[in-house]
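Colleague: Predicted structure and sequence below. I'll ask about it afterward.
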Amino acid sequence: MQLDRHAQVRFASEKNSLNLQCGTELRPVGKETIREELEYIPAKLQIVRYVRMAYECPKCKHTNHPYIQKANTPTSLMNHSLASPSSVANVMYQKYVNSIPLYRQEKDWEQLGISLSRATMANWVIRCSEDYLIPVTEHLRKELLIRDIIHCDETPIQVLKEEGKKPQTKSYMWLYRTGKPYSYDQRLLPYVEDFSKYKQYELTDDLSKLKSYITNCKDKDLVQDIQDYMSYKKIKSYDDLIAYKGEIASGFGSTGGGIQYQLPLPVDILEDLGLLKMIK
């Protein structure tokens, strides 16, 4: 995340803008950055009052059909409530992401200048979940039910105050997800969506000779690409590179037997070096 940067430029005071030797007024010749500091800006609250204007037609004002029009205003998150999208989002974020219970949030809001009870915050969470989140989960449920395959996982949890159950009773949280959609271009295994795009290679030499291939390579750009890759992967030497186990690539082997190798370098680089050859 890129943080905003604000410069504080310090100018000489009128008293210090003269040469102490001859009294001549000094003029700027340059500037230098002394240091940078991380500044924390505390959160603050404000009440936003929505006021809408009403307009009338002066021509129709004294007729049997006076015309009045009011300006549009944004729809409220919850009727007759101080709740706003940002305040409710903060309550949910603190509770479910930062694991801060509502009774502790109650004190945080008080320090910011407003008395907000845990009961009110609980009502915000429940109402907004029912009005805005349940429709989303219902849509996801419908999407799940039309899939051929569904993955699910259970996680046991303990609920202290669950109606009709003792605190020691084991409860479960269930997670469901589909098998699709999936970004196939992020995988190098042979189980790809379209086998017509499947490619097969064979090794032309032993991978242990990789160092010799690199040192004898005349293509400076290719060598630079290899060094950039090593720097990115934090590989210090060519000897370490040979031992490096990268992502699995499949379909290699002169017999076409689907042998899998953990390659030390990307396929295109090994192909340019001459260590790999596409056969299919």
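Modeller: Ah, there it is. Residues are numbered from 1 along each chain as shown.
Colleague: roughly how far apart are Leu263 and Ile235?
Modeller: To Ile235, Leu263 is 13 Å away according to CB to CB, to the nearest Å. Where C-beta positions appear, they are placed from N, C-alpha and C, glycine not excepted.
Colleague: These two: who's more crowded?
Modeller: Under the criterion of other CB atoms under 10 Å, the comparison of Leu263 against Ile235 puts Leu263 first, with 23 against 20.
Colleague: wait, doesn't the more buried one sit right on Glu271?
Modeller: No - contact between Leu263 and Glu271 fails when scored by CB atoms under 8 Å: they sit 10.8 Å apart.
Colleague: State the helix or strand in which His139 lies.
Modeller: helix 134-145 (DSSP states H and E).
Colleague: elements contacting that helix?
Modeller: strand 170-178 (3 or more CB pairs under 8 Å, 6 or more residues apart in numbering; DSSP states H and E).
Colleague: Just list what the next helix or strand after the strand it packs on packs against, helices and strands only.
Modeller: For strand 170-178, the following helix or strand on the C-terminal side (DSSP H and E) is strand 201-203. Judged by 3+ CB pairs under 8 Å, 6+ apart, strand 201-203 is in contact with strand 248-252, strand 276-278.
Colleague: Which of those has the lowest mean pLDDT?
Modeller: Ranked by mean pLDDT, the helices and strands packed on strand 201-203 bottom out at strand 248-252, which scores a mean of 46.
Colleague: so Tyr96 sits in a strand?
Modeller: No - assigned with DSSP: H, G, I helix; E, B strand; the rest coil, Tyr96 falls outside any strand and is helix.
Colleague: where's it relative to Glu154, distance?
Modeller: From Tyr96 across to Glu154, the span is 20 Å (CB to CB).
Colleague: go on, Met173?
Modeller: Distance of Met173 to Glu154, computed by CB to CB: 7 Å.
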